[in-house]
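# quick one, what's the 3D model for this:
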Amino acid sequence: MMTKQEDGTATRRERARPKKGQGPDLHRLERSALAAFSRRGFEAVGLRELAASIGIAPTLILYRYGSKLGLWKALVDELGLRVDQACAAMDSAFATAQPFPDRASAALRHFVELTLEIPELAPLFIGEMSEPGERQDYLLDKVWSPFLASLLPIIHDAERFGNSDLGVPKFAAFSILSMILAAQYMAPVIDLAAGAPQHDPLARVLRPIERLLTLDLARNRTCDLSTGRSPFNPAP
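Numbering: from 1, shown residues only. The predicted model follows:
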């Protein structure tokens, strides 16, 4: 940036850099940015407005992240780490010796808890899915891909135990992810329709998914009464 000195000569001023110990509070900045991106969408958020909201110069954001997209990606990277942790917990819960469908619920509980802990995840993901491009691809890689890898064994388990109505596994997985995220995204509307906040938001999300995974087990249970075989223990 060019500036004029008192003698009329022009000099180039370097981009503002934070002095040691005087940089922005990154945790506060990222928390504010995540809330803004999730509520209003990427395009509607301005760096000047975001910087002003926490009392820093926009140049400090540019120095730390390079651009608005760089800031957005840093936020999604952090979300991706949390998703990876939740999916690792899903895998561990599913691997324990619990019968179907209990192990499916135990596994999915970890991802649902994540969406409750980070309410910005649902609107951020849903908002970006409507417009193909770099940000959509980035979210699919950080959120959808690890979730799919952890969910496919659960879907195959449901099929193995008699649920023939799930369809293509990847489509079923995306339907389940949509059910989880939509429940969080629409929580204010759901609470308003119910006349009060739901007392058990975890169960509110899990129960429809449990019904989906066990959709025709009741029919199979009726059939199994004539054979003496438990619907939760398939024939070898």
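# buried set for stretch 157-164?
157, 158, 159, 161, 162, 163 (16 or more other CB atoms under 10 Å). C-beta here means a position set from N, CA and C on the backbone, and glycine is covered the same way.
# what's the most distant pair in these?
Using CB to CB, these reach their maximum pairwise distance at 157 and 162, which is 10.6 Å.
# follow-up on the earlier one: now, the buried residues of stretch 157-164 that are in helices?
157, 158, 159 (DSSP state H).
# between the residues you listed, which is closest to residue 214?
Nearest member of these to residue 214, counting by CB to CB, is residue 158, at 7.2 Å.
# how close does the closest residue to residue 158 other than its chain neighbours get to residue 140?
If the residues on either side of it in the chain are set aside, residue 158 comes closest to residue 213, at 4.4 Å by CB to CB, 6 or more residues apart in numbering. Residue 213 is 23 Å from residue 140, where distance means CB to CB, to the nearest Å.
# give me the number of residues near residue 44?
10 (other CB atoms under 10 Å).
# remind me, longest helix of this protein?
helix 68-95.
# gap between it and the chain center?
8 Å (CA atoms, centre = their mean, to the nearest Å).
# other SSEs contacting it?
helix 26-40, helix 58-65, helix 102-117, helix 121-128, helix 134-139, helix 145-160 (3 or more CB pairs under 8 Å, 6 or more residues apart in numbering; DSSP states H and E).
# who touches the shortest one?
Taking contacts as CB atoms under 8 Å, 6 or more residues apart in numbering, the residues outside helix 134-139 that touch it are 42, 69, 72, 73, 76, 124, 125, 128, 129.
# repeat that with 10 Å
37, 41-42, 69, 72-73, 76-77, 79-80, 121, 124-130, 144-145 (CB atoms under 10 Å, 6 or more residues apart in numbering).
# spatially, what comes nearest to the residue nearest in space to the middle of the chain if we skip its sequence neighbours?
Most central in the chain under CA atoms, centre = their mean is residue 121, positioned 4.2 Å from the mean C-alpha point. Once flanking residues are discounted, residue 121 sits nearest to residue 115: 5.5 Å by CB to CB, 6+ apart.
# wait, what's in contact with the one you found?
Applying CB under 10 Å, 6+ apart, we find residue 115 in contact with 83, 86, 121-122, 125, 177, 180-181, 183-185, 187, 201-202, 205.
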